[in-house]
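> sequence below, structure please.
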Amino acid sequence: MDTTAEQTAAETEAFRPEARNPRGFADKRARDLRAERHIVRAVSEVYEAWGFEALDTGAFEYADALGKFLPDADRPNEGVFALQDDDEQWMALRYDLTAPLARFAAQNWETLAKTFSRYAYGP
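Modelled structure (predicted):
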């Protein structure tokens, strides 16, 4: 075995990452997931009984849609988690549900009830 291969093998053995969750994230076991699904189902039934529609929007929005809410609109990758798509447009991780709802309403205005009531849950 040459020195480079020996060094790579030694580095691989020396690298032992600590098993830990990123700050703010937790694993959910079956018991917790069952309880969560039960609660979400019960709450959803109440919302739907009152005419609300479930709406799940993506976690990313184009940064220009977040616009003035970004810390630095001229540099959309600053202050939020952002990346560029294949067309080199900036996308940012949404931080609330306001911009996605506004985008959804603009895209679907013609088909939405004009008193549109929606509910959403989750991260």
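
> make sure Asn36 is indeed in a helix.
For residue 36 the amino acid is Glu, not Asn. Yes. Under DSSP: H, G, I helix; E, B strand; the rest coil, Glu36 falls within a helix.

> isn't it right next to Lys28, touching?
Yes. At 7.1 Å, Glu36 and Lys28 qualify as touching, with contact defined as C-beta atoms under 8 Å. In short, each C-beta sits where N, CA and C put it, glycine included.

> quick one: which of these two has more around it?
Glu36 (13 against 10; other C-beta atoms under 10 Å).

> residue contacts, that one?
Neighbour list for Glu36: Lys28 [criterion: C-beta atoms under 8 Å, 6 or more residues apart in numbering].

> report pLDDT for it.
According to the per-residue confidence, Glu36 scores 95 in pLDDT.

> now it: how far from Glu45?
When distance is defined by C-beta to C-beta, to the nearest Å, Glu36 is 15 Å away from Glu45.

> and if you look at Arg23?
Note on Arg23: its distance to Glu45, by C-beta to C-beta, is 34 Å.

> since that was my last question, I'll sign off now.
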